[in-house]
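> Dropping the sequence and predicted coords here.
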Amino acid sequence: MFAARQATSSVFGAVQRRAFSASAANATKVAVLGAAGGIGQPLSLLLKLNPRVSELALYDIKGAPGVAADISHINTKSVVKGYEASAEGIKECLSGAEIVLIPAGVPRKPGMTRDDLFNTNASIVRDLAKAAAESSPDANILIISNPVNSTVPITAEVFKKAGVYNPKRLFGVTTLDVVRASRFISQLKSTDPANENITVIGGHSGATIVPLLSQSGYTLEGAERDEYVKRVQFGGDEVVQAKGGAGSATLSMAMAGARFAESLLKAAQGQKGVIEPTFVDSPLYKDQGVTYFASNVELGPNGVEKIHPVGKLTEHEQSLLEVCLKDLKGNIEKGEKFAKDNL
């Protein structure tokens, strides 16, 4: 838990202190696919501030060279390059990358669910996954594009077809759910959110998001509990509605993506005990047909080192999990069917 709590504030600490406590000798190449978008731009900015990153490669269908030129002026050591949309451009962007983050896709608008994004974003993720399978098959692939519950299985099927699938290297970024759960409980309990680390399991949309307050020593009852759970599960809707059709949760998602990338870099460079929540190929509920599941995962040089069990749940948490598993199974099957029909 201590390692996870440290990770919670690492990104903002970097902005304030201009350092992540890393050595340049251990730095690496990171690629962002969708770098000119609402998530991609702040995500690229945060990665530029991370001295573990020696080379930052930015790709998008439009605007990536401009984003690269802008952030390249920031006084950190990493080299930044933007790539135009072309087969050669994405190949060069991905070549040699150790981490590939994919935030590409269309944002949600008021009234839309993450599943409403499926038809558009599924094709985008499929095509980017094909490029990654060809040019960076051994990289850690971080999927941010929604709906994550379906786009992760799509990516897996692309890599399987290419014969390069490694379940230890594919991650759905669900870190924002933990960030929200921790922030929201701190507001209720008047605590420092940097010291909160609420475990969140399941998936990354609506009822598939299951916060486990009991494992952090908190108890909420009745309407207060239900309101808290709903806010964690549908926190993204607050942002979509507040932006009035102008976007979704981009800044907080960028922070969450940068935090997860930082955790992977720490683990790859030898730090022990780095634990982050993430949606991965998981054995925890495969007997119920749920082949991917988000839980606390210990990270290491090879990606996934250990998938932690869910642990003891309250009766209410168990009921939330049962709903989660039913919905999640359908989300996963939807992604796998798309891949079967469109690869």
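Happy to help now that I have it. Residues are numbered from 1 along each chain as shown.

> Give me the longest helix you can find in the chain.
Once the chain is assigned using DSSP state H, the helix that runs over the most residues is helix 315-342.

> From the contact counts, what lies against that helix?
Using 3 or more Cβ pairs under 8 Å, 6 or more residues apart in numbering; DSSP states H and E, the elements in contact with helix 315-342 are helix 118-135, helix 148-161, strand 199-202, strand 209-212, strand 292-300. Bear in mind the C-beta positions are built from the backbone N, C-alpha and C, glycine included.

> send the alpha carbons of the helix or strand harbouring Ala256 over as CSV?
Taking DSSP states H and E as the criterion, Ala256 maps to helix 251-268. Provided in CSV are the C-alpha atoms of helix 251-268 (Å, rounded to 0.1, in the frame of the first residue of the first chain):
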residue,chain,number,x,y,z
LEU,A,251,-6.8,16.1,-17.6
SER,A,252,-7.5,13.6,-14.7
MET,A,253,-7.1,10.7,-17.1
ALA,A,254,-3.8,12.1,-18.4
MET,A,255,-2.6,12.2,-14.8
ALA,A,256,-3.7,8.6,-14.2
GLY,A,257,-2.0,7.4,-17.4
ALA,A,258,1.2,9.2,-16.5
ARG,A,259,1.1,7.7,-13.0
PHE,A,260,0.7,4.2,-14.4
ALA,A,261,3.5,4.7,-16.9
GLU,A,262,5.7,5.9,-14.1
SER,A,263,4.9,2.8,-12.0
LEU,A,264,5.9,0.6,-14.9
LEU,A,265,9.1,2.4,-15.4
LYS,A,266,10.0,2.2,-11.7
ALA,A,267,9.3,-1.6,-11.8
ALA,A,268,11.3,-2.1,-15.0
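
> and the next element down the chain from that helix?
Next along the chain after helix 251-268, taking DSSP H and E as the criterion, comes strand 274-281.

> buried residues in stretch 145-153?
Going by neighbour count (16 or more other Cβ atoms under 10 Å), the buried part of stretch 145-153 is Ser145, Asn146, Pro147, Val148, Asn149, Ser150, Thr151, Val152, Pro153.

> okay, those in JSON lines with distance to Val274 and pLDDT next?
Output for these, formatted as JSON lines (distance: Cβ to Cβ, whole Å; pLDDT from 0 to 100):
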{"residue": "Ser145", "distance to Val274": "24", "pLDDT": "95"}
{"residue": "Asn146", "distance to Val274": "25", "pLDDT": "93"}
{"residue": "Pro147", "distance to Val274": "27", "pLDDT": "94"}
{"residue": "Val148", "distance to Val274": "21", "pLDDT": "96"}
{"residue": "Asn149", "distance to Val274": "24", "pLDDT": "97"}
{"residue": "Ser150", "distance to Val274": "27", "pLDDT": "97"}
{"residue": "Thr151", "distance to Val274": "24", "pLDDT": "97"}
{"residue": "Val152", "distance to Val274": "20", "pLDDT": "98"}
{"residue": "Pro153", "distance to Val274": "25", "pLDDT": "98"}
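
> what sits against the residue lying closest to Ala133 once chain neighbours are set aside?
Distance criterion Cβ to Cβ, 6 or more residues apart in numbering; nearest residue to Ala133, sequence neighbours excluded, is Ala162 at 4.0 Å. Ala162 is in contact with Lys130, Ala133, Glu134, Pro137, counting by Cβ atoms under 8 Å, 6 or more residues apart in numbering.

> which residues touch the first one?
Taking Cβ under 8 Å, 6+ apart as the definition of contact, the neighbours of Lys130 are Val158, Ala162.
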